[in-house]
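> can you look at this prediction? I've put the sequence above it.
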Amino acid sequence: MTSQSMLLTNVRLPDGVKADIRIVDGVFAEIEKELLHQSGEDIVDGGGDLVLPSLVDGHMHLDKTLTGTPWMSHRASPTRKSRIDTERNMRPELAPVEERASNLVRLCIGHGTSAIRTHVDIDPTIGLKHVEALLQVRESFADAVDMQLVAFPQSGVQSQAGIPDHMSAAIDAGVDLIGGIDPIAIDYDLDGQLDTLFAIADKKDVGIDIHLHDPGVNGQREITGVADRAKAHGMAGRVTVSHGFCLGAADEDARYKLSDQMAAAGVSLVTHGGGASPLPPIKVLRELGVEVFAGNDDVRDTWSPLGEGDMLERATMIAWRSGYRTDDDLLIALDCATAAGKRVFGHADAGIAVGAPADFFTVKAELAADAVARHPQRKLVFKNGRIVARDEVYGA
């Protein structure tokens, strides 16, 4: 088979150093100044732009989005129960899941995202319909973005009949992980929900990504329960806490204790940096050994009318909420939106380096920190060394 080679000229690396990049068979082959063009090799002029490793969206709800459909005013009240009930009642009037999810995936790819972990609703009413739709979406965009699916029991695990069976069936259908949600607030049964989730994970040999929104002592009990079980079941690196808002509001002693428990158990944390919730202490968690990555969460859906799936903008938001100002701190926010997610997903990645997969984008910025501060338009987006978007337009 003939090798596929491309020479990307006139670009700058994340630290601002000028270079040319040769990509062979989807992998960075050479990164040097003034590389010579080889016969039969495609040439792309990078226009002096900065190259950055591709973005990772570690927490989405693709089946909920309204992206690409006519504007729909927000209807739910601020309570979690109202949002759940409102969404359930609105389902019959929404465009098909596959159509709406595909609209958002195209936006994400255009922004430079090469991997997405999306939660997908399962309940007694819809069964696996949303799962089946997102499995099709994953297949449709397989050449441009990697996608992990999490079977998400939004209305509870113990409080709804048949949910454990639905989660097992979702795994058999091709879903990658199982989810859960607020065992105390939703199911009123901390041990029941967690024991059920870890039993399914053991049986099906899959990971867990659990939504924990609960504040205060209840949230802390839930994190401890997850960490204890992850350690007991030998699931280091396979369990994620989504949100963990209680970490942001805990006092210093509790914060360090919970972070230590998560680190010892190999439990990661994904945050969306939401403005209405306490932000987990990203630096503390990382310093103690917890892998912290980022996701957009809801993007223009029945839970929130905001967003367009841009993880570089999300890194900017996380930096702003964290009070990050130095270049080193801005790079922490960027790592949360790039390499950290790949590490959690188990993807091979070494950034912009020889031998690494050529998943990256170009942007008009001086340095990586500058790109986080301003999140300018993406010019070229590459997946496996192939251009999949130009000027943030998928397939252009």
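Sure thing, it's come through.
> dead centre of the chain: give me the residue that sits there.
Gly58 (1.3 Å; Cα atoms, centre = their mean).
> what does the helix or strand of the chain with the lowest mean pLDDT rub up against?
Lowest on mean pLDDT, DSSP states H and E among the helices and strands of the chain sits helix 80-90, with a mean of 83. Contact with helix 80-90 is made by 64, 75-77, 123, 125, 154-155, 182, 185, 213, 301-303, as judged by Cβ atoms under 8 Å, 6 or more residues apart in numbering. Bear in mind the C-beta positions are built from the backbone N, C-alpha and C, glycine included.
> buried subset of those?
The neighbour-count test (16 or more other Cβ atoms under 10 Å) applied to the contacts of helix 80-90 identifies 64, 76, 123, 154-155, 182, 185, 213, 301-303 as buried.
> want to throw these into a markdown table with pLDDT, distance to Asn384 and secondary structure?
Output for the buried ones among the contacts of helix 80-90, formatted as a markdown table (pLDDT from 0 to 100; distance: Cβ to Cβ, whole Å; DSSP: H, G, I helix; E, B strand; the rest coil):
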| residue | pLDDT | distance to Asn384 | secondary structure |
| --- | --- | --- | --- |
| Lys64 | 96 | 29 | coil |
| Ala76 | 87 | 40 | coil |
| Asp123 | 91 | 36 | strand |
| Gln154 | 91 | 34 | coil |
| Ser155 | 90 | 38 | coil |
| Asp182 | 97 | 38 | coil |
| Ala185 | 95 | 42 | coil |
| His213 | 95 | 36 | coil |
| Asp301 | 91 | 30 | strand |
| Thr302 | 89 | 34 | coil |
| Trp303 | 87 | 33 | coil |
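> how about low-confidence regions in this protein?
1-2 (pLDDT under 70).
> so for stretch 334-351, what gets flagged as buried?
Under the neighbour-count rule (16+ other Cβ under 10 Å), stretch 334-351 has 334-345, 347, 349, 351 buried.
> kindly report the same for stretch 97-113.
Buried-residue list, stretch 97-113, by 16+ other Cβ under 10 Å: 97-98, 100-113.
> quick one: the helices in the stretch 151-300 of the chain, in order.
Ranges of helices in the stretch 151-300 of the chain, per DSSP state H, counting those that start in this stretch, are 163-173, 190-204, 216-232, 245-249, 252-265, 282-287.
> could you identify which of those helices is most buried?
helix 245-249 (a mean of 21; mean count of other Cβ atoms under 10 Å).
> not counting its own residues, what contacts that helix?
212-216, 218-220, 222-223, 255, 258-259, 269, 277-281, 285.
> got the phi and psi for the closest residue in space to Leu35 that isn't next to it in sequence?
Of all residues not flanking Leu35 in the chain, Asp20 sits nearest, at 4.1 Å (Cβ to Cβ, 6 or more residues apart in numbering). Here is the backbone geometry of Asp20 (degrees, to the nearest 10): phi -110, psi 150.
> can I get stretch 151-171 in PDB, CA atoms only?
As requested, the backbone C-alpha atoms of stretch 151-171 are provided in PDB (Å, rounded to 0.1, in the frame of the first residue of the first chain):
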ATOM      1  CA  ALA A 151     -25.600   4.800  29.200                       C
ATOM      2  CA  PHE A 152     -27.200   7.500  31.300                       C
ATOM      3  CA  PRO A 153     -30.100   6.700  33.700                       C
ATOM      4  CA  GLN A 154     -31.100  10.400  34.100                       C
ATOM      5  CA  SER A 155     -34.200   9.700  36.300                       C
ATOM      6  CA  GLY A 156     -32.500   7.200  38.500                       C
ATOM      7  CA  VAL A 157     -31.300   3.600  38.800                       C
ATOM      8  CA  GLN A 158     -33.200   2.200  41.700                       C
ATOM      9  CA  SER A 159     -36.300   4.300  41.400                       C
ATOM     10  CA  GLN A 160     -37.200   3.100  37.800                       C
ATOM     11  CA  ALA A 161     -38.100  -0.400  36.900                       C
ATOM     12  CA  GLY A 162     -35.800  -2.200  34.500                       C
ATOM     13  CA  ILE A 163     -33.000   0.300  34.400                       C
ATOM     14  CA  PRO A 164     -30.100  -2.100  35.200                       C
ATOM     15  CA  ASP A 165     -31.400  -4.400  32.400                       C
ATOM     16  CA  HIS A 166     -31.500  -1.400  30.000                       C
ATOM     17  CA  MET A 167     -27.900  -0.500  30.900                       C
ATOM     18  CA  SER A 168     -26.700  -4.000  30.300                       C
ATOM     19  CA  ALA A 169     -28.500  -4.100  27.000                       C
ATOM     20  CA  ALA A 170     -27.000  -0.700  26.000                       C
ATOM     21  CA  ILE A 171     -23.500  -2.200  26.700                       C
END
